[in-house]
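K.L.:
sequence and computational prediction follow.
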Number of protein chains: 2
Amino acid sequence: MARLVMKFGGTSVADLELIRRAARKIRAEVERGHEVAVVVSAMAGETDRLIKLIGDIASLHDAREYDSVVATGEQVSAALLAAALQELGVSARSWLGWQIPMHTDGVHGAARITRIETEEIERRFKEGQVAIIAGFQGLGPDNRVTTLGRGGSDTTAVAVAAALKAERCDIYTDVDGVYTADPAIVDAARKLDRITYEEMLELASLGAKVLQTRSVEMAMKYGVRLQVLSSFNDTPGTLVVDEDGIVEKQVVSGVTYTADEAKITLLRVADRPGVAALIFGPLADANVNVDMIVQNVSEDGKTTDLTFTVKRSDLERAIQLIEGAREEIGHHAVVPDRNVVKVSIVGVAMRSHAGVAQRMFRALAEKNINIQVISTSEIKVSVLIAAEYTELAVRALHSAFELDAA
Amino acid sequence: MARLVMKFGGTSVADLELIRRAARKIRAEVERGHEVAVVVSAMAGETDRLIKLIGDIASLHDAREYDSVVATGEQVSAALLAAALQELGVSARSWLGWQIPMHTDGVHGAARITRIETEEIERRFKEGQVAIIAGFQGLGPDNRVTTLGRGGSDTTAVAVAAALKAERCDIYTDVDGVYTADPAIVDAARKLDRITYEEMLELASLGAKVLQTRSVEMAMKYGVRLQVLSSFNDTPGTLVVDEDGIVEKQVVSGVTYTADEAKITLLRVADRPGVAALIFGPLADANVNVDMIVQNVSEDGKTTDLTFTVKRSDLERAIQLIEGAREEIGHHAVVPDRNVVKVSIVGVAMRSHAGVAQRMFRALAEKNINIQVISTSEIKVSVLIAAEYTELAVRALHSAFELDAA
């Protein structure tokens, strides 16, 4: 007997038939003798519908009213799932954020969980009752409904698993695990049996939409064993664990890419101390995140070219800010480029393997793919390339690092 | 300056434009210097959608899960209305049943309000804030969401008005008041300026769908002045007050009818003591309400014919119950009739006016309308007639009692 948290995303409870399917998966765990808490998202599409309602009624709406509207999506799906379980003869009840209570801070729309009172839920475990917890929502210090921000149900699930000291937190979704690359691009992509938190974090923030970044951070912090698996079949998923849980370490665990990139090059910037601050200060003040940066070697000793990347949606704003400071920066021209993607390889074993970046560059060179910018961290190497080479690059790297399925 | 409760029904907040319209009506009262609490129903159609969801997932669903699902309709409309008011520059916040709290008993799906804590709402009145209260919902002794049953938002509004000692409770709806008869049938129907609680109760229970019966009872008990008015124009509505508030009393205030009737005749029932108990006992046990009853004079001194009415939806069940007891009752045949309606005249002044029923029967006789069953109370006379005469009868009575507009 173990204690489990099961989380069902919006696509896993999109209609009544899928809710019944989720209920059967829960019943199976109960019949194995487990104590089960379930965290559920709103039915797919429902949160968008609610956000549109409140956005249309008032463009600058009160975040507290926004939360009260948007949290109803999970209130409905939690009660429906509890009713579906009862219909299968399993004792269950739904729990809203304020009923548990799931305490959060007062940042409406993007609240953080501060404390979960689990006594009553644990008492009911002893009576064999399943707790169906509405994800994404909590109770603020103002006694009002808060929400955790988009994708917050993953965070709810991990927080509940930590509070209940659950053996595992199973995230049911519409894919059956974490892959070595996007299977839509790489036919030979393989599902990973295990992956470390660190790798999952890099993959999550690099665009693999399997898990919300914050939930992985929290799982790592509290040592919650995560499993990502499909609600549409019964095959095992991918376990997210710490490094000790990985037996056979590959140098690279996965190849990923993000298309939401834009490159800005400033031509002939004055090559003197303090010029970087003049450029990046205003961007930071305006909440424009700068990702990769490269500065060319100065040829004449007086000016240099400077290239960096921002989110594609921030491009216009970034250019405006820089042009607004042209007098101070003294650049001759701004050259934007939307046709770029960032391709990355991720793997904790890189730490102890030299030459990984070199192997990556060589694989790309063999395909005549030009690397525009490079950035690295302990467990990943990213390169910016022209967007048209995306699929070619991902497939080449997948082969080069011996990730292709046999 | 006065304290007002304004209630907006589902058709008055059916879409965002109507919610904005309601917000403007509220702003007008705030600008007159009033302290305003608003009770709001779910957007039209939403409650039905939610009831269908929970009904489809589990036919015999847990009433607590039902309540949690169905209460979200008002949660959404209350927050949207609060946001719309803020957009107009009016300070407002939404209140859910559990936040006030609006305490109820534990009868999920049909709860009764037991106590409303108004301190915080009254404190915020002093700061000029409008309270937008989600109708129809409360907090049960089990710390879970309860609902008051269909049409419960009227009851919420009256209960809030009583608790706040409001000067008036304005019920905004899709008709502009209470009429002397259904204007769809009687062209000459007039809107009443005033009506007594007793008359409103009779009209409500007789099928005029303007106000929920329970809310009128509660208004009468606590002396809450009600006004029924339209949210689609700015004309005054109908005031529901006690008898002292009615200056000019007409003998009959209105003519109404209910089509949800069915007649059952038992032929040649044994004419002996105790036979009525044999018939009506099983019906009462099965919660089949019997309305009108008439027993013919026995011709042979041994048997008699007995006629009574039930709701049309109860007809099949009533016949089954009676046939199940045929041995005890000893009737020769059961004759059902679905093609009947009950037409009624209502007026508190009947108490002091003789001959009202006689005038009614004569008016119907003049149109050759046969009366099948009669029942009376202090302030109303009802007759059962063949359904095909409904409109003719209502118009004839409306004229006979001088209700036609000049």
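P.N.:
Everything's here; your move. Residues are numbered from 1 along each chain as shown, chains lettered A, B, ... in the order given.

K.L.:
only C-alpha atoms for contact and neighbour calcs from this point on.
P.N.:
Noted.

K.L.:
which intervals of the stretch 151-300 of chain A have sub-threshold pLDDT?
P.N.:
Applying pLDDT under 70 to the stretch 151-300 of chain A flags residues A:151, A:207-208, A:248.

K.L.:
which stretches in it count as helices?
P.N.:
Along the stretch 151-300 of chain A, counting by DSSP state H, counting those that start in this stretch, helices occupy A:152-163, A:197-205, A:213-222, A:275-285.

K.L.:
now the second one, how far from the chain's geometric center?
P.N.:
Centroid separation for helix A:197-205 versus its chain: 8 Å, with C-alpha atoms, centre = their mean, to the nearest Å.

K.L.:
which ones are touching residue A:294?
P.N.:
A:306-308, A:373-374 (C-alpha atoms under 8 Å, 6 or more residues apart in numbering or on different chains).

K.L.:
actually residue A:124, not the one I wrote
P.N.:
Contact partners of residue A:124, counting by C-alpha under 8 Å, 6+ apart, are residue A:130.

K.L.:
thinking again about what came up before, which one of the contacts of residue A:294 sits closest to chain B?
P.N.:
Of all the contacts of residue A:294, residue A:308 has the smallest distance to chain B: 40.2 Å, by C-alpha to the nearest C-alpha.

K.L.:
looking at strand pairing, list the partners for the closest one.
P.N.:
Judged by DSSP bridges, the bridge partners of residue A:308 are residue A:264, residue A:293.

K.L.:
count the residues that sit near it.
P.N.:
Residues within reach of residue A:308, counting by other C-alpha atoms under 10 Å in any protein chain shown, total 18.

K.L.:
that one touches residue A:288, doesn't it?
P.N.:
No. The criterion here is C-alpha atoms under 8 Å, and residue A:308 misses it with residue A:288 at 11.9 Å.

K.L.:
ok, now how distant is the residue nearest to residue A:231 when sequence neighbours are not counted from residue B:355?
P.N.:
Nearest in space to residue A:231, with sequence neighbours left out and distances taken as C-alpha to C-alpha, 6 or more residues apart in numbering or on different chains, is residue A:172 at 5.2 Å. Distance from residue A:172 to residue B:355, counting by C-alpha to C-alpha, to the nearest Å: 75 Å.

K.L.:
quick one: contacts for residue A:159?
P.N.:
Taking C-alpha under 8 Å, 6+ apart, we find residue A:159 in contact with A:113, A:218-219.

K.L.:
just those residues now: which is nearest chain B?
P.N.:
Nearest to chain B out of the contacts of residue A:159 is residue A:113 (C-alpha to the nearest C-alpha; 19.9 Å).

K.L.:
tell me which residues touch that closest one, please.
P.N.:
So residue A:113 contacts A:102-105, A:138, A:148, A:156, A:159 (C-alpha under 8 Å, 6+ apart).

K.L.:
how about the contacts of residue A:294 in CSV, adding distance to residue A:229 and pLDDT?
P.N.:
As requested, the contacts of residue A:294 are exported to CSV (distance: C-alpha to C-alpha, whole Å; pLDDT from 0 to 100):
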residue, distance to residue A:229, pLDDT
A:306, 43, 90
A:307, 40, 93
A:308, 37, 94
A:373, 35, 93
A:374, 33, 93
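
K.L.:
among those residues, which one sits closest to residue B:73?
P.N.:
Distance ranking of those against residue B:73, using C-alpha to C-alpha, places residue A:308 first at 48.1 Å.

K.L.:
and residue A:364, what element?
P.N.:
Of the helices and strands defined by DSSP states H and E, residue A:364 is found in helix A:356-366.

K.L.:
please look at residue A:76 and residue A:42 and confirm they touch.
P.N.:
Yes. Residue A:76 is within contact range of residue A:42, at 7.4 Å (criterion: C-alpha under 8 Å).

K.L.:
picking up where we left off before, just the helices of the stretch 151-300 of chain A: most buried one?
P.N.:
Neighbour counts averaged per stretch over the helices of the stretch 151-300 of chain A are highest for helix A:152-163, at a mean of 26; criterion: mean count of other C-alpha atoms under 10 Å in any protein chain shown.

K.L.:
pLDDT below threshold where in the stretch 1-150 of chain A?
P.N.:
Along the stretch 1-150 of chain A, segments meeting pLDDT under 70 span A:150.

K.L.:
what ranges do the strands span in it?
P.N.:
Along the stretch 1-150 of chain A, counting by DSSP state E, counting those that start in this stretch, strands occupy A:3-8, A:35-40, A:92-95, A:102-104, A:113-116, A:130-134, A:137-139, A:145-147.

K.L.:
what parts of the stretch 1-150 of chain A come near chain B?
P.N.:
Counting by C-alpha under 8 Å from any C-alpha of the partner chain, the stretch 1-150 of chain A comes close to chain B at A:16, A:20, A:53-54, A:56-58, A:60-62, A:65-66, A:68-69, A:72, A:75-76, A:79-80, A:82-84, A:86-87, A:93-94, A:99, A:143-144.

K.L.:
now the buried members of those residues.
P.N.:
For these, a burial check counting by 16 or more other C-alpha atoms under 10 Å in any protein chain shown picks out A:16, A:20, A:53-54, A:57-58, A:61-62, A:65-66, A:68-69, A:72, A:75-76, A:79-80, A:82-84, A:86-87, A:93-94, A:99, A:144.

K.L.:
quick one: which of the residues you listed sit in helices?
P.N.:
Within those, residues falling in helices by DSSP state H are A:16, A:20, A:53-54, A:57, A:65-66, A:68-69, A:72, A:75-76, A:79-80, A:82-84, A:86-87.

K.L.:
tell me, how many residues neighbour residue A:405?
P.N.:
Around residue A:405 there are 12 residues (other C-alpha under 10 Å).

K.L.:
quick check: phi and psi at the closest residue to it other than its chain neighbours.
P.N.:
Sequence neighbours aside, residue A:188 is the residue nearest to residue A:405 in space, at 5.1 Å (criterion: C-alpha to C-alpha, 6+ apart). Note on residue A:188: its backbone torsions stand at phi -90, psi 10 [degrees, to the nearest 10].

K.L.:
then whichever strand or helix holds residue A:334 to CSV, C-alphas only?
P.N.:
Element membership for residue A:334 (DSSP H and E) is strand A:333-337. Taking Å, rounded to 0.1, in the frame of the first residue of the first chain, the C-alpha atoms of strand A:333-337 are listed here in CSV:
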residue,chain,number,x,y,z
ALA,A,333,21.8,50.3,-37.3
VAL,A,334,19.5,47.7,-35.8
VAL,A,335,19.0,44.5,-37.7
PRO,A,336,16.1,42.3,-36.5
ASP,A,337,15.7,38.6,-37.6
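
K.L.:
from chain B, how far out is the spatially closest residue to residue A:255 that is not a sequence neighbour?
P.N.:
Excluding the flanking residues, the one nearest residue A:255 by C-alpha to C-alpha, 6+ apart is residue A:345, at 4.6 Å. Residue A:345 sits at a distance of 45 Å from chain B (criterion: C-alpha to the nearest C-alpha, to the nearest Å).
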